[in-house]
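S.K.: Prediction below, plus the sequence it came from.
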Amino acid sequence: MKPEVITGPNVPKSKLPFSPAIRAGDFTFVSGQASVDDEGNIVSDTFENEMRRSFSNLVRILAAGGLTLKHVVQVKSYVTSATDLPEYNRLYREFFQEPYPARTTIVNCLGKLKYEIDVVAYKEPLGS
């Protein structure tokens, strides 16, 4: 099966050269989602609001591929400041429940952004 680009009218655009998501077989790989508007412009805000906007963009991309957060099997998060880690973990629990996806969190790695996330989703929901 040939990999397929996941996109749609509700998917935020990017000014950078990458696809929002690629489906390869039963897996969908979602590119890093940050606090950007529909045209790909960075929206600077509090850590919480940037994380929520990043997740909103992620959910929209997953939906374009017929998926939800329950399909996510791996998460990579990028957090600018270690001081935001407690809030990150609190908010993360709002979006994901047990069984949690596999997760990597990288700190002190972003410039203008406070948070970014990329995921791998599998066709069957976690825990099904």
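M.R.: Thanks, I have it. Computed from a prediction, not measured in an experiment: that's the story for all the values here.
S.K.: ranges for the strands of the chain?
M.R.: 4-6, 21-24, 27-34, 72-79, 102-107, 115-122 (DSSP state E).
S.K.: Paired strands for the shortest one, with orientation please.
M.R.: Meaning strand 4-6. According to DSSP bridges, strand 4-6 has the following sheet partners: strand 21-24 (antiparallel).
S.K.: Averaged pLDDT, the strand it pairs with. What do you get?
M.R.: Mean pLDDT, computed over strand 21-24, is 97.
S.K.: For it, buried residues please.
M.R.: Across strand 21-24, burial judged by 16 or more other C-beta atoms under 10 Å covers A21, I22, R23. In short, each C-beta sits where N, CA and C put it, glycine included.
S.K.: Can you lay out the strands of the chain as a markdown table showing distance to R53?
M.R.: Below are the strands of the chain laid out as a markdown table (distance: least, C-beta to C-beta, whole Å):
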| stretch | distance to R53 |
| --- | --- |
| strand 4-6 | 19 |
| strand 21-24 | 17 |
| strand 27-34 | 8 |
| strand 72-79 | 14 |
| strand 102-107 | 18 |
| strand 115-122 | 9 |
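S.K.: Of all those, which one is nearest P12?
M.R.: For P12, the closest of the strands of the chain is strand 27-34, at 7.7 Å, according to C-beta to C-beta.
S.K.: contacting residues around the closest one?
M.R.: Outside of strand 27-34, the residues within contact range by C-beta atoms under 8 Å, 6 or more residues apart in numbering are 6, 12, 14, 18-23, 42, 50, 53-55, 57-58, 61-62, 65, 67, 71, 78, 113, 115-123.
S.K.: Those residues, buried ones only, as a ChimeraX selection?
M.R.: In ChimeraX, this line selects whichever of these come out buried by 16+ other C-beta under 10 Å:
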select :6,12,14,19,20,21,22,23,50,53,54,55,57,58,61,62,65,67,71,78,113,115,116,117,118,119,120,121,122
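S.K.: residues touching D45, list them.
M.R.: S35, R53, K114.
S.K.: Give me the distance between it and A34.
M.R.: Here D45 is placed at a distance of 11 Å from A34 (C-beta to C-beta, to the nearest Å).
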